[in-house]
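Student: would you be able to build a 3D model of this:
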Amino acid sequence: HVLTLRMDVPEPWDVQQTYAIQDTDNLRCDLQSGCSDEPQHGIDMLQQRHVTKIEYGLEHLLFFGQCYDTKLSPPNGLQLVLAKQESKRSEDRQGQAFAEVNPDGSVWVEGSEPASSDGHYSDTLVMKTVGYWQLRANPGVWELKINEKSRGAEIFQMVDGRIKHGMLRVTGDIKSNKKQLVMSDFVGGGRGEMLLVKRKPGYEKASLFYEDKKKETKDDDVVHVFSLATGHLYERFLKIMMLSVTKRTSTKVKFWLFENFLSPTFKASSQAMAEKIGCEVEFVTYKWPEWLRGQSEKQRIIWGYKILFLDVLFPLSVKKIIYVDSDQVVRGDLKELWDMDLQGAPYGYTPMCSSNEATLGFQFWRQGFWESHLRGKPYHISALYVVDLEKFRKDRVGDTLRAQYQALSADPGSLANLDQDLPNYAQHQVPIFSLPQEWLWCESWCSNETKADAKTIDLCNNPLHKEPKVSMAKRIISGDLFQESWVELDAEVEHYEKEYMSSSTAE
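Tutor: Have a look, this model is predicted:
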């Protein structure tokens with residue numbers, strides 16, 4: 001049997017795997033091979049003891065709640081920030097600093113460097129559905145405020161009040177425009193916080209976003225890449241993708257990796273590899289809200305995280321992101337894609353190839369439901385896409401996609417390829433900019449004649465026959481078209497892994 005493991009924890013918990021030897025996405029348990037951390041060779045089968053040890057850690061506790069204005073409408077798109085509350089010195093302390101022990105055992109001392117240069121610990125947007133918001137925290141006293149650098153700080157004022165029987169009663173303004181939150185326990189401390197705001201005089205009809213897009217130049221020389229993976233095999237592919245991107249991209253690259261399904265070894269070794277090859281790695285996470293219809297299959301959960309939370313998954317300072325599937329190898333310079341004009345669309349995807357005549361009969365988007373629904377628009381592949389996060393947030397695309405998902409997912413037979421079908425279905429509401437075809441080549445749908453122009457190679461499954469991914473990678477990513485074959489990239493990744501293992505063992 002092949003088993004997979006997933007934790008079922010209270011909603012306020014952000015739990016991540018901290019120790020595992022086995023691949024917890026592919027636990028193989030049988031009498032011949034077992035699933036033990038320790039080898040069982042030479043032991044009588046009936047006396048073998050198959051035990052695998054897996055540890056999880058509580059990384060963060062979550063504040064979550066609702067936000068409404070005085071008309072009981074969610075100010076969706078309002079940017080919220082959580083910061084550590086500034087402690088107030090009292091005269092009887094005679095200038096002594098206040099110290100606090102953090103959950104991980106570290107000590108924070110008053111006056112020491114905060115979580116970031118401006119004191120922010122985490123940030124998010126208010127969603128349209130029930131005004132939902134979610135912020136990472138830990139036990140302690142915190143300050144919730146409107147992002148001072150956002151348009152929302154000009155428009156809205158926090159107020160005290162309560163909602164009862166569908167009626168709002170405002171009792172006064174919160175002059176500091178900050179709301180104190182206390183994370184005092186592990187189960188209910190962050191549940192159901194209510195934030196109330198009102199529009200300031202003169203801003204009754206003002207937009208939450210500036211009409212003139214303000215350009216920030218501090219990250220112009222950094223290309224931000226998002227990806228996710230699960231299981232040791234795809235973690236191997238992910239490192240190879242990261243290496244190929246870093247080699248081919250002409251500017252600095254920062255990878256944002258979704259950490260919920262990554263192994264502890266990968267998270268540590270990928271950061272060590274990043275230091276060697278000259279890129280940055282940061283891990284992001286988000287807790288699937290209870291009000292949004294969940295998925296039971298792990299692959300569909302991953303697909304959901306790939307598309308449903310793009311507006312809230314990254315820090316608000318990240319203005320653009322390029323998603324690259326873990327099993328891709330990049331031949332082109334992603335800076336070209338980064339600088340591409342999306343012509344007003346919030347994101348750009350590559351249309352499905354149609355140059356491989358052998359698979360024309362499997363192109364489901366050219367017949368039946370998809371043909372009638374698309375009405376001449378192309379069907380796009382989700383293995384690579386670029387997102388203008390400023391436009392995405394301004395147009396509330398995240399709210400639109402979640403609403404479409406909630407409606408369509410009521411039918412278990414819909415959204416067969418969730419991460420791909422959803423944006424294609426929503427094209428009539430949320431336009432997709434079609435990237436040039438050479439930005440994604442896939443043997444299943446693209447002809448061999450077009451391979452030479454390909455800027456990325458994706459190892460998508462072939463409907464004509466099944467082939468192991470590693471075998472496919474070795475066959476497809478080789479020859480004169482590539483500066484390094486997949487085998488050579490794999491060997492370089494393995495070299496960095498051995499370096500990391502040697503250094504960690506020595507410590």
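
Student: okay, how far is it across stretch 462-477, tip to tip?
Tutor: For stretch 462-477, the first-to-last residue distance is 16 Å (CA to CA, to the nearest Å).

Student: any buried residues in it, and which?
Tutor: 462, 472-473, 476-477 (16 or more other CB atoms under 10 Å). (Glycine included, C-beta is placed from N, CA and C.)

Student: quick one: contacts of that stretch?
Tutor: With contacts defined as CB atoms under 8 Å, 6 or more residues apart in numbering, stretch 462-477 is touched by 233, 237, 327, 329, 358-359, 362, 443-444, 457, 459, 485-487, 489.

Student: helices - which of the residues you listed land there?
Tutor: Counting by DSSP state H, the part of the contacts of stretch 462-477 found in helices is 233, 237, 486-487, 489.

Student: just the buried ones from those?
Tutor: Buried subset of the ones in helices among the contacts of stretch 462-477 (neighbour count, 16+ other CB under 10 Å): 233, 237, 486, 489.

Student: excluding chain neighbours, what is closest to the last one?
Tutor: Going back to what we said before, that points to residue 489. Spatially, and ignoring its direct neighbours in sequence, residue 489 is nearest to residue 240 (4.8 Å; CB to CB, 6 or more residues apart in numbering).

Student: that neighbour is in contact with residue 325, isn't it?
Tutor: No: contact criterion CB atoms under 8 Å: residue 240 and residue 325 do not qualify, at 11.6 Å.

Student: of the buried residues of stretch 462-477, closest to residue 184?
Tutor: Nearest to residue 184 among those is residue 473, at 50.4 Å by CB to CB.

Student: which helix or which strand is home to that closest one?
Tutor: For residue 473, the host element (DSSP states H and E) is helix 469-476.

Student: using CSV, write out every CA atom in that helix.
Tutor: Only the C-alpha atoms of helix 469-476 are listed here, as CSV (Å, rounded to 0.1, in the frame of the first residue of the first chain):
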residue,chain,number,x,y,z
LYS,A,469,8.8,11.3,-14.6
VAL,A,470,12.6,10.7,-14.1
SER,A,471,12.8,8.6,-17.3
MET,A,472,10.9,11.3,-19.2
ALA,A,473,13.1,14.1,-17.8
LYS,A,474,16.3,12.3,-18.8
ARG,A,475,15.0,11.7,-22.3
ILE,A,476,13.4,15.0,-23.1
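
Student: which stretches in the stretch 251-400 of the chain count as strands?
Tutor: Using DSSP state E, counting those that start in this stretch, the strands of the stretch 251-400 of the chain run over 252-258, 280-284, 320-324, 328-330, 347-351, 380-388.

Student: which residues touch the fifth one?
Tutor: Looking back up the chat, that one is strand 347-351. With CB under 8 Å, 6+ apart as the test, strand 347-351 has contacts from 340, 342, 378-388, 392, 397, 423, 432-437, 439-440.

Student: closest one of the buried residues of stretch 462-477 to residue 223?
Tutor: Lowest distance from residue 223 to the buried residues of stretch 462-477 (CB to CB) belongs to residue 477, with 21.6 Å.

Student: distance of residue 303 relative to residue 7?
Tutor: Residue 303 sits 19 Å away from residue 7, going by CB to CB, to the nearest Å.

Student: and for residue 359?
Tutor: Distance, residue 359 to residue 7, using CB to CB: 39 Å.

Student: try residue 133
Tutor: Noted for residue 133: a distance of 23 Å to residue 7, by CB to CB.

Student: so which of these two has more stuff around it?
Tutor: Neighbour count, other CB atoms under 10 Å: between residue 133 and residue 7, residue 133 has more, with 26 against 11.

Student: can you give the distance of the helix or strand hosting that one from its chain's centre?
Tutor: According to DSSP H and E, residue 133 maps onto strand 132-137. Centroid separation for strand 132-137 versus its chain: 15 Å, with CA atoms, centre = their mean, to the nearest Å.

Student: and that strand, what other elements does it pack with?
Tutor: Packed against strand 132-137 by the contact rule (3 or more CB pairs under 8 Å, 6 or more residues apart in numbering; DSSP states H and E) you find strand 54-69, strand 79-84, strand 120-125.

Student: and the ones you listed: which comes nearest residue 503?
Tutor: Shortest distance between residue 503 and those, using CB to CB, is found for strand 54-69: 21.9 Å.

Student: buried sites along that closest one?
Tutor: Those would be 54, 56, 59-69, for strand 54-69 by 16+ other CB under 10 Å.

Student: for the residues you listed, which one is nearest residue 24?
Tutor: When the buried residues of strand 54-69 are compared against residue 24 (criterion: CB to CB), the nearest one is residue 54, at 6.0 Å.

Student: pull the contacting residues for the residue nearest to residue 489.
Tutor: Each residue near residue 240 by CB under 8 Å, 6+ apart is listed here: 329, 486, 489-490, 493.

Student: element containing it?
Tutor: Per DSSP H and E, residue 240 falls inside helix 232-248.

Student: off-centre distance for that helix?
Tutor: Computed by CA atoms, centre = their mean, the separation of helix 232-248 from the middle of its chain amounts to 17 Å.

Student: just the angle between it and helix 469-476, please?
Tutor: Counting by axes from the mean of the first three to the mean of the last three CA atoms, to 10 degrees, helix 232-248 points 30 degrees away from the direction of helix 469-476.

Student: average pLDDT for helix 232-248?
Tutor: Throughout helix 232-248, pLDDT has a mean value of 97.

Student: for it, C-alpha coordinates in PDB please.
Tutor: Extracted as PDB, the C-alpha positions of helix 232-248 are listed here (Å, rounded to 0.1, in the frame of the first residue of the first chain):
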ATOM      1  CA  HIS A 232      10.600  13.500  -2.200                       C
ATOM      2  CA  LEU A 233      10.500  13.000  -6.000                       C
ATOM      3  CA  TYR A 234       8.900  16.400  -6.700                       C
ATOM      4  CA  GLU A 235      11.100  18.000  -4.100                       C
ATOM      5  CA  ARG A 236      14.000  16.700  -6.200                       C
ATOM      6  CA  PHE A 237      12.400  18.200  -9.300                       C
ATOM      7  CA  LEU A 238      11.800  21.500  -7.500                       C
ATOM      8  CA  LYS A 239      15.500  21.900  -6.700                       C
ATOM      9  CA  ILE A 240      16.400  21.300 -10.300                       C
ATOM     10  CA  MET A 241      13.800  23.900 -11.400                       C
ATOM     11  CA  MET A 242      15.300  26.400  -9.000                       C
ATOM     12  CA  LEU A 243      18.800  25.700 -10.200                       C
ATOM     13  CA  SER A 244      17.800  26.100 -13.900                       C
ATOM     14  CA  VAL A 245      15.900  29.400 -13.200                       C
ATOM     15  CA  THR A 246      18.800  30.800 -11.300                       C
ATOM     16  CA  LYS A 247      21.300  29.900 -14.000                       C
ATOM     17  CA  ARG A 248      19.200  31.400 -16.800                       C
END
